[in-house]
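> I would like the atomic coordinates for the input below:
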Amino acid sequence: MTETQAEIQAETQLGKAIGQALADALAEDDRVVLMGEDIGKLGGVFRVTDGLQARFGADRVIDSPLAESGIVGTAIGMTYAGMRPVVEIQFDGFIYPAFDQIVAQLARLHYRTQGAHRVPITIRVPYGGHIGSVEHHSESPEAYFAHTPGLRVVTAATPQEAYSTLRAAIASDDPVIFFEPKAKYWSKGELDRAVTKDLDTAAVLTEGRDVTLAVYGPTVDLGLDAAFAAAAEGIEIEVIDLRSISPLDVETVAASVRKTGRLVVAHESQAECGIAAELITSIIERDFESLEAAPERVTGYDLPYVPAQWEQHFLPNLDRVLDAVDRTLGRRNSRTAEAGGEPTPAPANLEATR
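You can find the predicted model right below:
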């Protein structure tokens, strides 16, 4: 194996894979510029952009003022000069000052100009919990932007997905919000820089015939853990990483549900008007006759983000996901126990019920 081959196949952290994607984009296209708070000299609060300013210069890796609306507004202006900005919002909860620029300007310019102007901006947003931090540092605001026509909203769960998805986002002529699960910045995996991804399709991670479990970003590992735990009881869970939050790849999930007859969706953001609600509704609309049980969702609660010491009770966990799986299978679960009723026994032969 050559040195280059060893480099592109080496195990790396998710955060470093994002940094590599940014470095490769900067090196290959002079129109790409980075901008954000403390991303240059400091290298970002998570050190994702460490060393990039020294390598590419302060005019391409730009330390901005603490002004998210100004960051996004400036990036929009840059597109009129033919540039392809990649901006960082330092933490998920800091995106709200830029909300007007994103939903009222960035998302609409292509339509407002009748296709005359494209806005190839990528907005990087570290998001999600499990870092023991306070509100505005651990939030999951993806549903706000998935509701906005004109935006692509994506996420990633592995170093390979992070690298390839970010490269695709930067290359896209559409505005893309790339949500990065910050708790996974230090997770490791192989990286092949030649692998490409699109911005539309979900990925089936494990095959299964009993329950479909749709997850994304921070909950992908949770989904895989659930599949492993359920397998010990003879239950096969088909885990799907949605990857794209908007547009949703409903067809991949629907194809799985037509096989399993059951659906569970898990994400960290709140339940009401969330991604799970949209996906479940879409499945009911197109494949209601395939469902053998009511779909279930496992989410954060409909509350402002809780103090760090309560985080473990707020976010989805393995017990809650497996409990939802049990509900779809008619097995004993927390709801039947609380109601004092007798649980419906699991089918002796799940396949025979289909």
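> what's the separation between L14 and P218?
Separation of L14 from P218 (Cβ to Cβ, to the nearest Å): 11 Å. C-beta coordinates here come from the backbone N, C-alpha and C atoms, glycine included.
> now for the two: what residues contact both?
Common neighbours of L14 and P218, using Cβ atoms under 8 Å, 6 or more residues apart in numbering, are P181, K184.
> what's the span of stretch 86-106, first residue to last?
13 Å (Cα to Cα, to the nearest Å).
> using the three-state scheme, assign H137.
Secondary structure, DSSP: H, G, I helix; E, B strand; the rest coil: H137 is coil.
> contacting residues for it?
F91, D92, G93, I131.
> give me that answer again for 10 Å
If you count contacts by Cβ atoms under 10 Å, 6 or more residues apart in numbering, H137 has them with 45, 90-94, 126-127, 129, 131, 182, 305, 308.
> and the longest helix for the protein?
In the chain, with assignment by DSSP state H, the single longest helix is helix 14-28.
> give the contact list for A229.
A229 sits next to I235, I237, L318, D319, V321, L322, V325 when contact means Cβ under 10 Å, 6+ apart.
> before we move on, what SS does the first one have?
I235 falls in the coil class when you classify it by three-state DSSP.
> distance of the closest residue to it other than its chain neighbours from S256?
Of all residues not flanking I235 in the chain, D210 sits nearest, at 5.1 Å (Cβ to Cβ, 6 or more residues apart in numbering). Shown here: D210 relative to S256, a distance of 11 Å by Cβ to Cβ.
> and the two? Which one has more around it.
For the pair D210 and S256, the greater number of neighbours falls to S256 (26 against 22), based on other Cβ atoms under 10 Å.
> wait, a strand at the more buried one?
No. Under three-state DSSP, S256 falls outside any strand and is assigned helix.
> thought it was touching V204?
Yes. Between S256 and V204 a contact is recorded at 7.0 Å, counting by Cβ atoms under 10 Å.
> how does the chain divide into domains?
Domain assignment for the chain, taken from automatic domain parsing, gives 3-190, 203-353.
> helix, strand or coil: sort out V45 for me.
The assignment at V45 comes out as coil when based on three-state DSSP.
> sorry, back to before: nearest to K197, of the domains of the chain?
Closest to K197 of these, according to Cβ to Cβ: domain 3-190, at 3.8 Å.
> where exactly do the helices run in the stretch 201-350 of the chain?
220-231, 250-260, 275-287, 311-314, 318-329, 334-339 (DSSP state H, counting those that start in this stretch).
> those helices: which one's closest to R193?
helix 220-231 (21.3 Å).
> so for that closest one, mean pLDDT?
Averaging pLDDT along helix 220-231 gives 98.
> from the contacts of H137, which ones fall inside strands?
In strands, judged by DSSP state E, the following of the contacts of H137 are found: P126, Y127.
> so which of the contacts of H137 wins on neighbours?
Neighbour counts for the contacts of H137 peak at Y127, which has 28 neighbours (criterion: other Cβ under 10 Å).
> now for R47, how many residues are close by?
14.
> quick check: the residue nearest to it when sequence neighbours are not counted vs H117, distance?
The shortest distance from R47 to any non-neighbouring residue, by Cβ to Cβ, 6+ apart, is to G15 (7.1 Å). Noted for G15: a distance of 33 Å to H117, by Cβ to Cβ.
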